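Q: fold the following.
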Amino acid sequence: MTLKLYFAPGACSFVPHSLLETTGEPFEPILVKLHKGENQTPEYKAINPRGQVPVLIDGGEVITQIVAIVSHLDERFPQCDFLPREPLARTRVLETLAWMNNTVHPTFTHVFMPQKFTGDAQAQAEIKKFNAALYGSMLGEIEAMAAKAAEEGRPYLGGEQFGPLDAYAVTLLRWGGFAGHDPQGFPALWALVQRVAQLPAVARAIERERLQLNVYKAA
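A: Okay, here's the model as predicted:
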């Protein structure tokens, strides 16, 4: 078996996890317990010095970072059409994927782990509150994307095939519950996420990670 994926339940590694399940090819899923600091051990840092998930190992090659891993999987499994073949459509999907990864995701990090940015408890509370509101507006942007796709008759955010935008949408909307946002407040996105979660490959990833889609709890 040449493919290995280091993943953490509920993390952004859900994106390549879902894509790998979609390929139908065998791979070895390796659980990394972030809450126990397994990503900071010497053994793990020998694989990824940055101590992050996901990590994809393909043969002897170690690949990190969501956009790079997605691009690699698209090239390795072209039959899956994870990214559109038409150049501009492909560019647009990568544009949105990069935004999800470098803007939406870090905003949630400020909500979930404000202690990474300051040791002051009062400042942490302000960081969490500010970024929770900002995160809600970003979910609103993804909601608009889902609504537009539905209006245009596109089953998925990137077009006709399930792809990384849909898997990331599942993750980001789920995180919204931890940030105080009811997923049902984003009806088009919530409908998309529930439908994507029923895809057999995605369902397998969800089952392995033991994920609950709606983690929102009213205050």
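Q: how about the helices in the chain?
A: 14-23, 42-45, 66-76, 87-99, 105-112, 121-151, 164-178, 187-197, 200-209 (DSSP state H).
Q: in the first one, what counts as buried?
A: Spelled out, that is helix 14-23. 14-23 (16 or more other Cβ atoms under 10 Å). Placement of C-beta: from N, CA and C, glycine included.
Q: swap in stretch 93-106?
A: 93-94, 96-97, 100-101, 104-105.
Q: check stretch 130-140 too.
A: For stretch 130-140, the neighbour count (16+ other Cβ under 10 Å) marks 131-132, 134-136, 138-139 as buried.
Q: and for stretch 109-127?
A: With the criterion 16+ other Cβ under 10 Å, stretch 109-127 contains buried residues 110-112, 114, 124, 127.
Q: same check, this time on stretch 175-184
A: For stretch 175-184, a neighbour-count test (16+ other Cβ under 10 Å) marks 175-181, 183 as buried.
Q: give me the below-cutoff pLDDT ranges for the protein.
A: 1 (pLDDT under 70).
Q: can you give me the domain boundaries for it?
A: Annotated domains of the chain cover 3-80, 87-199 [automatic domain parsing].
Q: closest to K217 out of those domains?
A: Closest to K217 of the domains of the chain, according to Cβ to Cβ: domain 87-199, at 7.5 Å.
Q: quick check: G59 touching H72?
A: No - using Cβ atoms under 8 Å, G59 is not in contact with H72, being 11.4 Å away.
Q: circling back to that earlier point, just send the helices of the chain back as a markdown table, with distance to K33 too.
A: Shown next, in a markdown table, are those (distance: least, Cβ to Cβ, whole Å):
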| stretch | distance to K33 |
| --- | --- |
| helix 14-23 | 15 |
| helix 42-45 | 10 |
| helix 66-76 | 20 |
| helix 87-99 | 26 |
| helix 105-112 | 16 |
| helix 121-151 | 24 |
| helix 164-178 | 18 |
| helix 187-197 | 23 |
| helix 200-209 | 12 |
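Q: nearest to F7, out of those helices?
A: Among these, the nearest to F7 by Cβ to Cβ is helix 14-23 (5.2 Å).
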